[in-house]
Structure formats: structure tokens, C-alpha cells
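**Student:** Pasted the sequence and its predicted model underneath.
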Amino acid sequence: MHLKERAFYEKTEYSVEPFKRFLARGLRSRTLFSAHALRDPAQEPYARSWHDLGDLHRVTTEPIHHLAIVNRRFAFIQADPTDPTAGALQIRQPDVVAMLADLFDGMWARARDLDDLPLSPVEQRVLYALTCHETDTAAAGSLNVSVRKFRGHVADLMARLGAQTRFQAALLAQKRGWL
């Protein structure tokens with residue numbers, strides 16, 4: 001179990017390859033990260049890539065303090081919340097670890113799955129234009145963007161929905177309550 005500000009950090013001092021090997025062997029992990037991190041466009045695809053490997057990711061709006069819990073037996077918390085390079089404190093006291101695990105489980109239950117994230121304002125406008133106009137030219141014009149830019153937005157929306165066709169995208173968007 002991990003609780004952290006961002007799904008993706010550009011500068012990291014450790015290799016992720018051993019963790020990927022553990023996931024490939026069946027390890028399951030859960031990671032919560034801050035919804036504010038999604039302002040960075042690199043965060044969601046990175047979280048989804050780990051999610052697909054077995055490190056399940058959810059997003060929370062609750063305050064985040066770095067925390068890692070291993071097998072509900074050990075916990076690691078950031079030694080100094082203002083200095084990420086200060087290291088971590090290891091906690092082995094079973095009652096304290098159990099309390100931290102319960103705290104994480106509660107946050108996990110309240111957090112949102114990556115597939116349940118609300119549409120951005122741009123995605124909302126693109127979806128609306130897609131359903132209201134017969135041609136890409138008309139839809140792009142209603143958004144004051146080029147046809148190429150509009151088609152790029154549509155492709156991004158289809159990828160987020162996992163849709164192969166625009167018709168399928170509309171059905172999936174309706175199923176999620178976006179239409």
C-alpha cells in the first residue's frame with residue numbers, strides 16, 4: 001500500500017524494475033495519489049500503466065502524507081513532510097501499523113478509480129460537440145479549434161474510454177453518465 005502526492009516522479013533514485021518483476025509474479029499493490037497531481041498530463045497515463053501491471057491506482061482529494069505499508073507488518077512514513085530527501089521512519093509496532101493500514105483502507109474506499117475520474121472541461125466540450133454536430137468540421141468550428149485538433153481530442157477521449165469507434169465511445173460515455 002502506498003500513499004503519495006504524485007503517481008509519477010521524474011527524478012527517482014531507485015530502479016522500478018524489481019517492483020515490476022514482483023508484480024509480474026502476482027504481487028498486488030494499491031497506490032493512492034492526490035487528485036491535484038492530475039493537472040500534470042503525464043500523471044494519469046503513468047498511473048494507468050502501473051495499474052495495468054497490477055499496482056492498482058486510485059485518486060483522492062484527501063490530504064496526503066507519504067506512507068508505505070508492507071504486508072501489514074511494516075510501515076514507512078516520510079521523516080520530514082517538508083523535505084522529501086530526509087528519508088523515512090520505519091514502524092514495526094503492530095498496533096500502529098494496523099491503525100495506519102486501516103487509515104489507508106478507509107481512504108482507498110473513499111477514493112476514485114482512474115476510470116471514474118470526471119471529464120475535464122475540454123473533454124466535456126468535445127463530447128458535447130461530437131454528439132451535436134454531423135461533421136468534424138462543424139464540431140471543430142463550434143469549439144474554435146482546427147479539425148486536426150478536434151480529431152486529436154476525440155482520439156484521446158476514445159482512448160480514455162477504451163473505445164474502438166465513435167459509436168462505441170458514445171455508448172461508453174452514456175454508460176458512465178457523461179451524456
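**Tutor:** Noted; the coordinates are in hand.

**Student:** need the helices for the chain, in chain order.
**Tutor:** Along the chain, the segments classed as helices by DSSP state H run 17-24, 43-53, 94-110, 121-132, 136-143, 147-161, 166-175.

**Student:** got a list of contacts for the first one?
**Tutor:** What that stands for is helix 17-24. Helix 17-24 has contacts (C-beta atoms under 8 Å, 6 or more residues apart in numbering) with Ser29, Leu53, Gly54, Asp55. All C-beta spots, glycine's among them, are computed from the backbone N, C-alpha and C.

**Student:** so which of the helices of the chain gets nearest Thr61?
**Tutor:** helix 94-110 (8.9 Å; C-beta to C-beta).

**Student:** Pull out the buried residues from that closest one.
**Tutor:** Under the neighbour-count criterion of 16 or more other C-beta atoms under 10 Å, helix 94-110 has Val97, Leu100, Ala101, Phe104, Met107, Trp108 buried.

**Student:** related to what we said a few turns ago, highest neighbour count among the contacts of helix 17-24?
**Tutor:** Most neighbours among the contacts of helix 17-24, by other C-beta atoms under 10 Å: Asp55, with 21 neighbours.

**Student:** still on that earlier bit, would you point out the most distant pair within the contacts of helix 17-24?
**Tutor:** Ser29 and Leu53 (9.2 Å).

**Student:** roughly how far is the lowest-mean-pLDDT helix or strand in the chain from the heart of the chain?
**Tutor:** Lowest by mean pLDDT, DSSP states H and E among the helices and strands of the chain is strand 2-4, with a mean of 77. Distance, stretch centre to chain centre, for strand 2-4: 12 Å (C-alpha atoms, centre = their mean, to the nearest Å).

**Student:** what are the pairing partners of that strand, and which direction each?
**Tutor:** If you go by DSSP bridges, strand 2-4 pairs up with strand 29-34 (parallel), strand 67-70 (antiparallel).

**Student:** residues near Ala129, how many?
**Tutor:** That count, for Ala129 with other C-beta under 10 Å as the rule, works out to 20.

**Student:** was I right about it contacting Asn144?
**Tutor:** No. Ala129 is beyond contact range of Asn144, at 10.5 Å (criterion: C-beta atoms under 8 Å).

**Student:** Verify the stated contact: Ser34 with His66.
**Tutor:** No. Ser34 lies out of contact with His66 (C-beta under 8 Å); the separation is 10.9 Å.

**Student:** Need the overlap of contacts for those two.
**Tutor:** Contact criterion C-beta under 8 Å, 6+ apart; residues bridging Ser34 and His66 by contacting each: Lys4, Glu5.

**Student:** That concludes my questions; thank you for your assistance.
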